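Chemist: output the structure for:
(chains A and B)
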Amino acid sequence: MRRILSIVASRLLQLLIMVSVLSFVTFGLMKFTPGDPIRDLLKVDDVIATKADEEKLKKEYGFDQPILVQYGHWILNVMQFDLGESIISKRPVMEMILSRLPATIALTIGGMVVLFLIAIPFGTLGAAYEARWPDFISRWLAMLGASIPSFWLGLLLIYFFSLKLNLLPVMGKGTLAHFVLPSITLGIAMAPMYIRLLRERLISTLQSSYIEAARARGLSKERILFFHALRGSLIPLITMFGLSIGSLLGGITVIEILFSWPGMGELIVNSVKQRDYPVIQGYILIVGFLVVITNLIVDLLYLVVNPQIKQGKESV
Amino acid sequence: MLNKFLVFIIACILVSGCSNQQQSSSSVKEDVSTAKSTEAEDKSVTLLFSFASKTIDPHQDWMGVRAGIAETLVKIDENLTIKPWLAESWEQKDERTWTFTLREGITFHDGTPVNGEAVKASFERVLSVNDVISSSLKIESMEANGQEITFVTKEVYPAFISELVHTNASITKVDVENISEQPIGTGPFKVVDFISESEIKLEKYADYWDGAAKLDRVTIKFNSDGNVRALALQSGEADLAYHLPPEALDPIESKDNLRVESVSSLRVHFILYNSAKPALQNLKVRKALDLLVNRPVMVNEIMNGHATAASGPFNPSFPFASELEPASYDPAQAEVLLKEAGYEKNEAGKLEKDGKVLQLTLATYQGRPELPLMAQYIQAEAAGLGIDINIVTVENIDSYLWEQQDEWDLATYSNLTAPRGDGGYFFNVAYLPEGSLNPGQINIPEVNELTKQLNATADLQERIALQKKTVAIIQEQLPQSFILHPHIIVGVNERVKNWSPGSEEYYLITNSMDVE
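Modeler: Sure thing, here's the model as predicted:
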């Protein structure tokens, strides 16, 4: 129990440090990259404006002040759990992001289901038939999956399943059927590295002494593979998921936009285009928070899934 | 033993794959059949648009008017002239005072009548929540009296009437809880549900003042991927799909139940010359470059025919647009002009003057994928005459043009030139030295003078004459080379009747559109 508490405490401290560094760096980077929300605002609206009007608006939004002052204002508000308002839509950033978050999380879960449906059979096949044809097929599929860009895969899936076969809707959210294509696209995009990782882990587990012992006791190959080796080999997959949650949230954006999935993807891409600073900052903060929390959960899961690790370490 | 396991896994994958498909296929079929059975009583249309709306607050987002939820006092009609809408008529009392008389019998979606007070309240709200509109309307004070509303502008401002066409100047009910998701307007459709950046569900407003809509329901969905929009139209998921990429049109045109509508937009793609650069201050050099622009090739090769060659800044349907034919491609004449300007070919075949080779930097951006292609055509044409053009592709063209003003000589650029039926907007922002859309530092005294005159002229005919005069000077002075007006390409299912896209893209959903 003490160990769990210390993990939680150290992670929360990490969260605080990481988020403050992250927020400062991104704030600076955004201000230094070319782009100007005021100019975008005027251009989008196509209204008669002079340079003087532009300067006046900049002043109203506080963009004429030094970056440190702007950052100070922002971080003070964040400490009071206020992420500010979008420059473009004038809605509270917190509300905008939180209303999108569930859809993104739902799609992530859908993608994970597909991912495990693909990775476990193919990873196991690869290990069980090391260097034989099922292994080659598994490797070939992993390479294929890794080299197909997800936007193109998504278009292909839409073309076949929605247009040619007329089985599934093209886009949007609503019924379970809307879930299928985006989840498959995401699952296929994520699966390759999990297939390969599971295969490697299984092969090395199958050579370990406790499997040797199980074999000596006369247990069947299937029993050893499924009840002993696979369970132990799944742990690195969970770690991998924890580590890749950040890049996953980035990659999911493309899929959300393609399928009009109302997650955070469209929101963040448009906000970056329009230099809607408060939304971008809020998004980065919340994603940073999610990454740290996911890793914390992964660490705790570790203790649950494989208590041997904990006992082993504590006895050392 | 393991072989059995292998067979078992393969069988599992196949079975799970098949059963999933069966399940989903039956559920989709149910969806389709229910959609068809309700269609008998319910006429509905799904429109797919490219730019997703974060909010449908009519004072913040264009979708309020586009979706037929809210309406403005005046609108531009299919001939691109300004005509009354919620206002029945208007009168200019003096240079700064305008009085509008509202139609009788207009009601908001909740049944409350629209009078001068309601319109005043709506304007008060837009002025406080939308800084951009507030600075463009320049309203000093308002007064409501029965069905009349009087505006006093801060300065003499004849363009006021055309600025009221702006979709954000639409009339909404202000004492509403959730304007960003459930705005209450006066249009033919009221909001049932809105999911930000995903879809809007609308149903007809039975008491609409101009006759209830023929459709019962409209759904507007957003998708920013042009290919997905084209596929959604082909699969029947959308009846109208906006802004299709020209390369995705073949399968649509070949189907009997689909057609493609293509209408010239109010936008113009052009080359902007940097007036601060000595080489480009020479009119002969600008004219020579203009003669190198092969407009028919740009229209047919780059735009697949979905564009209209441009002879000036404005869509040719406007009464104030140029009546001249677009300039023709003539590299021989260009060579003559460059010679007259003092440029001679050196041994390397490059044009030079006073020992300096003519080297130009052309800025372009990927935001509109056709622009970099146009830049390449121009580069190739110029190379033929011995002019070196170096293309730079930047991410944010506006920031680059403004902040690196001494780095570029030419830029491919694209602007909406008369978004509200009046050219005064473009003259003010793109030609006046202090304009917010003038990074090329254009400063033509005659144009400045005419624009100032225009800003003080209220009479419509006089305004048109002044604008024509200004366009003529622009064509002579060539501060930009206008290339083409891109078309708005919409894929339409033939079941949709009484509908065609407008150049202005403000009134997408109307009470007269229908389905078979």
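
Chemist: what pairs with the closest residue to B:Y242 other than its chain neighbours across the strands?
Modeler: Once flanking residues are discounted, B:Y242 sits nearest to B:F49: 5.0 Å by C-beta to C-beta, 6 or more residues apart in numbering or on different chains. The way it works is simple: take the backbone N, C-alpha and C, and place the C-beta from them, glycine included. Listed beta-bridge partners, B:F49: B:F222 (assigned using DSSP bridges).

Chemist: so, low pLDDT: which residues of the stretch 151-300 of chain A?
Modeler: Low-confidence segments of the stretch 151-300 of chain A (pLDDT under 70): none present.

Chemist: return the backbone torsion pair for the residue of it at minimum distance from chain B.
Modeler: When you check the stretch 151-300 of chain A against chain B by C-beta to the nearest C-beta, the closest residue turns out to be A:P262, at 3.7 Å. In this entry, A:P262 is assigned phi and psi values of phi -80, psi 50 (degrees, to the nearest 10).

Chemist: now swap in B:K356 and tell me
Modeler: As for B:K356, its main-chain torsions (degrees, to the nearest 10) stand at phi -110, psi 130.

Chemist: what's the answer for B:A230, then?
Modeler: Torsion angles at B:A230 (phi, psi; degrees, to the nearest 10) stand at phi -60, psi -40.

Chemist: which residues are in contact with A:L267?
Modeler: A:M96, A:I97, A:R100, A:V279, A:Y283, B:K54, B:S196, B:E197 (C-beta atoms under 8 Å, 6 or more residues apart in numbering or on different chains).

Chemist: can you add neighbour count and give these back as JSON lines?
Modeler: Shown next, in JSON lines, are these (neighbours: other C-beta atoms under 10 Å in any protein chain shown):
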{"residue": "A:M96", "neighbour count": "26"}
{"residue": "A:I97", "neighbour count": "20"}
{"residue": "A:R100", "neighbour count": "25"}
{"residue": "A:V279", "neighbour count": "28"}
{"residue": "A:Y283", "neighbour count": "23"}
{"residue": "B:K54", "neighbour count": "24"}
{"residue": "B:S196", "neighbour count": "23"}
{"residue": "B:E197", "neighbour count": "25"}
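
Chemist: the residues you listed in helices, which ones?
Modeler: A:M96, A:I97, A:R100, A:V279, A:Y283 (DSSP state H).

Chemist: farthest-apart pair in the residues you listed, please.
Modeler: For those, the farthest-apart pair by C-beta to C-beta is A:R100 and A:V279; their separation is 10.7 Å.

Chemist: give me the pLDDT for the residue lying closest to B:K120 once chain neighbours are set aside.
Modeler: Here the nearest residue to B:K120 in space, its sequence neighbours aside, is B:A144; by C-beta to C-beta, 6+ apart that works out to 4.3 Å. pLDDT, B:A144: 96.

Chemist: quick check: the residue nearest to B:Y242 touching B:F222?
Modeler: Yes - the pair B:F49 and B:F222 qualifies as a contact (C-beta atoms under 8 Å) at a distance of 5.5 Å.

Chemist: about what we covered before: and the contacts of A:L267, which is closest to A:I38?
Modeler: Comparing these against A:I38 with C-beta to C-beta picks out A:V279 as the nearest, at 15.4 Å.

Chemist: tell me the gap between the longest strand anywhere in chain B and the middle of its chain.
Modeler: Taking DSSP state E as the assignment, the strand of chain B that covers the most residues is strand B:480-493. Its chain's C-alpha centre and that of strand B:480-493 lie 10 Å apart, by C-alpha atoms, centre = their mean, to the nearest Å.

Chemist: that one near chain A at all?
Modeler: No - legend: contact between strand B:480-493 and chain A by C-beta under 8 Å from any C-beta of the partner chain is lacking; minimum distance shown is 13.3 Å.

Chemist: burial measure for B:L324, as a count.
Modeler: Counted with other C-beta atoms under 10 Å in any protein chain shown, the burial measure for B:L324 works out to 12 neighbours.

Chemist: next up, phi/psi of it, please.
Modeler: Main-chain dihedrals, B:L324, degrees, to the nearest 10: phi -70, psi 150.

Chemist: ok, it touching B:A310?
Modeler: No - because the distance of 10.5 Å does not satisfy C-beta under 8 Å, B:L324 is recorded as not touching B:A310.

Chemist: what about the closest residue to B:R267 other than its chain neighbours, how many neighbours?
Modeler: The spatial neighbour of B:R267 that comes closest, neighbours along the chain excluded (C-beta to C-beta, 6+ apart), is B:L416 at 5.2 Å. By the other C-beta under 10 Å criterion, the neighbourhood of B:L416 contains 17 residues.

Chemist: same question for B:S44.
Modeler: 18.
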